[in-house]
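>>> here is the input, now give the coordinates:
(one chain, ligands or ions: 1)
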Amino acid sequence: MDQIIRIENVTKKYGDFCAVDDLNLIIKKGSFFGLLGPNGAGKTTLINMLIGLLKPVSGEIYIMDQKMERNNVFLKRQIGIVPQYMNLDKDLTVKENLILSAKLFGITGKQREEQIESLLNHMDLKKVENRMSKKLSGGMQRKLMIAKALIHDPEILFLDEPTVGVDLNSRRKIWDILKLMKDRGKTIILTTHYIEEAESLCDEIALMDKGKIFYKDTSDNLKSSLGRYTIEYFDENKVTRYRYFETIDDANKFSNDIKESFILRDLSLEDVFYNFTNRKVI
Ligand SMILES: Nc1ncnc2c1ncn2[C@@H]1O[C@H](COP(=O)(O)OP(=O)(O)OP(=O)(O)O)[C@@H](O)[C@H]1O
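Residues are numbered from 1 along each chain as shown. The predicted structure is shown next:
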């Protein structure tokens, strides 16, 4: 697979604070790439540099072999953005929001009508096309934000926490929409706190903390790097400890010596993250 994004030694500081620290990363064309990390890890800062909204203090970002800079109009047309904050015009209807976005990209006439119809149907928004967007549920608002981001049929879609505050049903619906985008060959980059979101969608996951990516692989490889089973138990000071095992026999043997209560379960991506950072993702 060809690379579509190349990040070379990128650093971003806010005053003296280093939010993204000398980061290198390659993202392959057509991949569904997940950036996972706790609050303050630097995910949004990294995304904002990738979309040309923030300038690194050092290092370079290349998208489709072009340097990403604020005024790179070609690249801006290749990317769609679903930001963390609500970016809808709340006093416009669903359809009017899409018309406005289309106008910003110079999409007019029949092409605009067809693209909007297709997105409304695809996102299950046709029945609410004339509803004010402020009257939509949180899940529908998120779907409309995704539709807005896709209005110009971009090659790359960036989503910053796309399902925060969205109920489980709508979250699954959004996942289906994103899976379809990937099937259409788009490259998708997603930041999330939700481990199961990254596990379910992403073919590659980067674990980020304190401005650095410290691990990047498929979800299965990330997990098998640690083992297959986890025992969670209280130590003598009533502090929860975690131990990881390759086989159930080894886990059972270890559990025989535990004096307090314990849980034996399948190893999760959360365990991988916790093992490396001593921090939970959420
Ligand atoms: N404009 C800013 N000025 C100063 N510090 C900032 C600014 N934006 C972000 N930060 C700090 O940089 C760090 C990284 O923030 P960022 O929003 O990139 O993290 P994140 O991983 O996206 O977190 P979250 O999951 O909470 O959105 C945090 O400590 C944050 O407080």
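>>> may I have the helix ranked longest in the chain as CSV, with CA atoms only?
Counting residues, the longest helix in the chain under DSSP state H turns out to be helix 168-183. Output of helix 168-183 as CSV, limited to C-alpha atoms (Å, rounded to 0.1, in the frame of the first residue of the first chain):
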residue,chain,number,x,y,z
LEU,A,168,-24.7,3.4,21.5
ASN,A,169,-27.2,2.9,18.6
SER,A,170,-26.1,6.1,16.8
ARG,A,171,-22.5,5.2,17.5
ARG,A,172,-22.9,1.9,15.7
LYS,A,173,-24.6,3.6,12.8
ILE,A,174,-21.7,6.1,12.5
TRP,A,175,-19.3,3.1,12.6
ASP,A,176,-21.2,1.5,9.7
ILE,A,177,-21.0,4.8,7.7
LEU,A,178,-17.2,5.0,8.3
LYS,A,179,-16.7,1.3,7.3
LEU,A,180,-18.4,2.1,4.0
MET,A,181,-16.1,5.0,3.4
LYS,A,182,-13.1,2.7,3.9
ASP,A,183,-14.6,0.2,1.5
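>>> same question for that helix: list its buried residues.
Within helix 168-183, the residues that count as buried by 16 or more other C-beta atoms under 10 Å are S170, R171, K173, I174, W175, I177, L178, M181, K182. C-beta here means a position set from N, CA and C on the backbone, and glycine is covered the same way.
>>> not counting sequence-adjacent ones, nearest residue to the first one?
Leaving aside its chain neighbours, S170 sits nearest to G139 (2.5 Å; criterion: C-beta to C-beta, 6 or more residues apart in numbering).
>>> got the contact list for F254?
For F254, the contacting residues are I231, R243, F245, by C-beta atoms under 8 Å, 6 or more residues apart in numbering.
>>> element containing the first one?
Taking DSSP states H and E as the criterion, I231 maps to strand 229-234.
>>> what packs against that strand?
The contact analysis (3 or more C-beta pairs under 8 Å, 6 or more residues apart in numbering; DSSP states H and E) places strand 229-234 against strand 240-245, helix 248-256, strand 262-266.
>>> ok, it: who's next to it in the sheet?
Strands that pair with strand 229-234, judged by DSSP bridges, come out as strand 240-245 (antiparallel), strand 262-266 (antiparallel).
>>> what sits up against the shortest one?
For strand 262-266, contacts defined as C-beta under 8 Å, 6+ apart pick out R228, Y229, T230, I231, E232, Y233, F234, A251, N252, S255.
>>> so which bits of the one helix or strand the residue nearest to S170 maps to are buried?
Using DSSP H and E, G139 sits in helix 138-149. The neighbour-count check on helix 138-149 (16+ other C-beta under 10 Å) flags G139, M140, Q141, R142, K143, L144, M145, I146, A147, K148, A149 as buried.
>>> ok, then the element right after it?
Heading C-terminal from helix 138-149 (DSSP H and E), you reach strand 156-160.
>>> can you tell me which residue is spatially central in the chain?
With distances taken as C-alpha atoms, centre = their mean, the chain has L190 as the residue nearest its mean C-alpha position (1.8 Å).
>>> just the strands in the stretch 1-150 of the chain please.
3-14, 17-28, 32-36, 58-63, 66-67, 79-82 (DSSP state E, counting those that start in this stretch).
>>> just the C-alphas of the second one, formatted as CSV.
Spelled out, that is strand 17-28. Provided in CSV are the C-alpha atoms of strand 17-28 (Å, rounded to 0.1, in the frame of the first residue of the first chain):
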residue,chain,number,x,y,z
PHE,A,17,4.8,23.0,27.0
CYS,A,18,5.5,20.4,24.4
ALA,A,19,2.1,19.0,23.2
VAL,A,20,3.6,17.0,20.2
ASP,A,21,7.2,15.9,20.7
ASP,A,22,9.4,15.1,17.6
LEU,A,23,6.8,12.8,16.1
ASN,A,24,7.4,10.6,13.1
LEU,A,25,4.5,8.7,11.4
ILE,A,26,3.5,7.2,8.1
ILE,A,27,-0.1,6.5,7.3
LYS,A,28,-0.9,4.2,4.4
